[in-house]
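S.K.: Show me the folded form of this:
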Amino acid sequence: MNYCLRFLLIVLSFLLVQPIYAQLEIREGSFRQLSRDVATAERGQLNMGDLSALIDGKKYDDNGILCALLKIKIEKISRTDIAKLDFRVNAGIQVVEKRQFSGELWVHITGAETDMLITHPSFGASNKITMRLEGGKTYEIRLSNGETADMTFLSRPVGASIYLDNNYIGKTTENGLSATRVAYGPHNVRAEYGGIAEEQSFEITEASPRVLSFRIVPKKHFDFTSSPQGADILVDGQKMGVTPVSLELSLELHKIKAIRGGKTDSLELDFARATSNAFTFNFDNSKNAQKKNQTHTVQPKRERTNYAAGVALGYVSRNIDAEYYGSDYSYRDAGVQIGFRYEPLFKTGKNAIGMNTGLLTDIYPDSKCATVVLPIDFEYRYVFSKTVSMFLYTGFSLNYLLISDSAVEIDEEGLLAYFDVGGGVRIKHLRIHAGYNAGGNDILTNKIEFGLSLMF
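M.R.: Here you go, the predicted model:
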């Protein structure tokens with residue numbers, strides 16, 4: 001029984017305390033009359049004050065009493081939440097009409113003395129105010145919201161300086177930048193990095209997101225012309241102007257399309273790598289016009305994503321085991337590998353797929369042996385950046401003996417297929433790899449190789 005009583009007391013105390021923490025506040029001393037009871041002469045004109053109550057049209061309550069117009073100046077409350085505001089007034093007083101404007105709510109209310117408080121389903125009830133209202137007059141009060149929310153600002157790249165409502169609050173990290181107790185209502189936030197600023201306007205409501213992201217990309221002006229002029233220029237599907245036109249574009253990948261007279265010309269370019277700031281689209285089909293415009297048209301430079309062909313130099317070491325006329329035969333020697341390497345890609349991107357092939361020669365000075373090698377390998381490549389990637393390969397290689405002082409090897413005639421496996425890294429033009437090969441018919445050969453290739 002004592003536990004139940006304690007629980008009821010806790011619940012009652014919670015309910016009684018709730019009004020103390022009301023978030024809505026009618027500013028003390030903000031109630032004032034805007035219209036004037038007596039006209040005054042100012043600079044040769046009569047001043048009646050704010051006549052909105054009359055200009056907006058006279059309103060009457062259900063008892064035929066003329067209404068006053070109460071203008072509520074609202075701070076830190078979104079338009080969505082303004083529409084949810086309600087009013088508690090004395091008995092016999094009516095709120096006849098509510099009209100919402102930017103940062104204001106106009107309320108036509110019975111012209112009489114009344115107590116009033118303003119309520120919201122999420123923010124609770126405001127403090128109470130007593131007003132003496134006269135029909136046909138205009139009044140004003142100020143309402144603010146004490147509700148706050150925590151916001152997080154993200155940026156790419158990290159390290160951007162964040163200004164909230166023109167106040168510096170810090171720099172972003174990998175986890176963003178948190179701003180606590182940001183008031184409900186409209187705000188402006190600016191992110192600055194490397195002399196570039198990006199701005200966003202946002203409004204905090206009950207349902208609004210609590211995370212804002214910035215992607216800060218440098219911008220530059222580019223000039224677009226056409227032959228003949230007058231072409232519509234579309235950037236990423238959005239019309240931006242008519243040639244000749246100068247456009248400020250972010251230095252990233254864009255699809256530019258020019259349309260004139262039913263004809264279309266286009267280009268897709270990473271503008272961070274553009275070699276010129278001027279581009280010309282040609283719609284003239286005559287040979288003379290084409291030849292003339294060739295000197296003015298800037299062709300976008302294509303960025304190479306794969307250097308497929310190159311020269312190879314490496315170290316090879318092999319171990320040969322065989323049974324030769326009833327005797328076990330085994331020896332090891334080392335040499336160099338030189339030749340041509342070719343690595344085309346069938347699928348590009350982060351996970352690239354291609355082939356590892358070429359024409360190589362293994363030279364072993366000690367045994368005066370030379371072998372031609374044709375690798376035919378499947379290659380997987382993981383691309384870390386535009387210049388660095390890692391690769392793995394497997395497959396087989398065809399080996400053909402050119403010369404040798406070893407009678408054992410001479411007896412091993414024809415093409416020999418070896419199993420291949422290996423991997424390495426590519427740093428722009430430089431290819432570094434390590435591999436293992438095994439195979440043979442009567443002779444078992446195990447070979448390891450370490451090589452460098454200069455790819456173009």
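
S.K.: quick one, helices of the protein?
M.R.: In the chain, the segments counted as helices under DSSP state H are 2-17, 52-55, 79-82, 287-294, 407-411.

S.K.: Lowest average pLDDT across the ones you listed?
M.R.: Among those, helix 287-294 carries the lowest mean pLDDT, at a mean of 38.

S.K.: give the contact list for the closest residue to Leu374 other than its chain neighbours.
M.R.: Once flanking residues are discounted, Leu374 sits nearest to Leu398: 4.5 Å by C-beta to C-beta, 6 or more residues apart in numbering. C-beta coordinates here come from the backbone N, C-alpha and C atoms, glycine included. Taking C-beta atoms under 8 Å, 6 or more residues apart in numbering, we find Leu398 in contact with Val373, Leu374, Ile376, Leu415, Leu416, Ala417, Tyr418.

S.K.: and if you look at Thr110?
M.R.: Contacts for Thr110 were tallied using C-beta under 8 Å, 6+ apart; they are Asp61, Asn63, Ile65, Cys67, Ala68, Val89, Gly92, Ile93, Gln94, Val96, Leu133, Gly135.

S.K.: could you redo the last one with a cut-off of 10 Å?
M.R.: Thr110 makes contact with 59-63, 65-68, 89-90, 92-96, 133, 135 under the criterion C-beta atoms under 10 Å, 6 or more residues apart in numbering.

S.K.: From those, which land in strands?
M.R.: Under the assignment DSSP state E, the contacts of Thr110 contribute Cys67, Ala68, Val89, Val95, Val96 to strands.

S.K.: mind listing what the nearest residue to Lys347 once chain neighbours are set aside touches?
M.R.: Excluding the flanking residues, the one nearest Lys347 by C-beta to C-beta, 6+ apart is Ile353, at 4.3 Å. By C-beta under 10 Å, 6+ apart, Ile353 lies in contact with Leu345, Phe346, Lys347, Phe378, Glu379, Tyr380, Arg381.

S.K.: quick check, nearest of the residues you listed to Val336?
M.R.: Comparing those against Val336 with C-beta to C-beta picks out Glu379 as the nearest, at 23.1 Å.

S.K.: quick one: contacts for that closest one?
M.R.: If you count contacts by C-beta under 10 Å, 6+ apart, Glu379 has them with 343-346, 352-357, 391-395, 422-423.

S.K.: again, only using 6 Å
M.R.: Gly354, Asn356, Phe391, Tyr393 (C-beta atoms under 6 Å, 6 or more residues apart in numbering).

S.K.: what's across from the last one in the sheet?
M.R.: So the one you mean is Tyr393. Beta-bridge pairing of Tyr393 under DSSP bridges involves Glu379, Gly422.

S.K.: cool, the first one as well?
M.R.: With DSSP bridges as the criterion, Gly354 is bridged to Leu345, Glu379.

S.K.: residue contacts, Gly146?
M.R.: Gln23.

S.K.: Give me the pLDDT for it.
M.R.: So, for Gly146, pLDDT stands at 79.

S.K.: Quick check: it vs Asn127, distance?
M.R.: Distance from Gly146 to Asn127, counting by C-beta to C-beta, to the nearest Å: 11 Å.

S.K.: Around Asp362, count how many other residues there are.
M.R.: Residues near Asp362, counting by other C-beta atoms under 10 Å, number 23.
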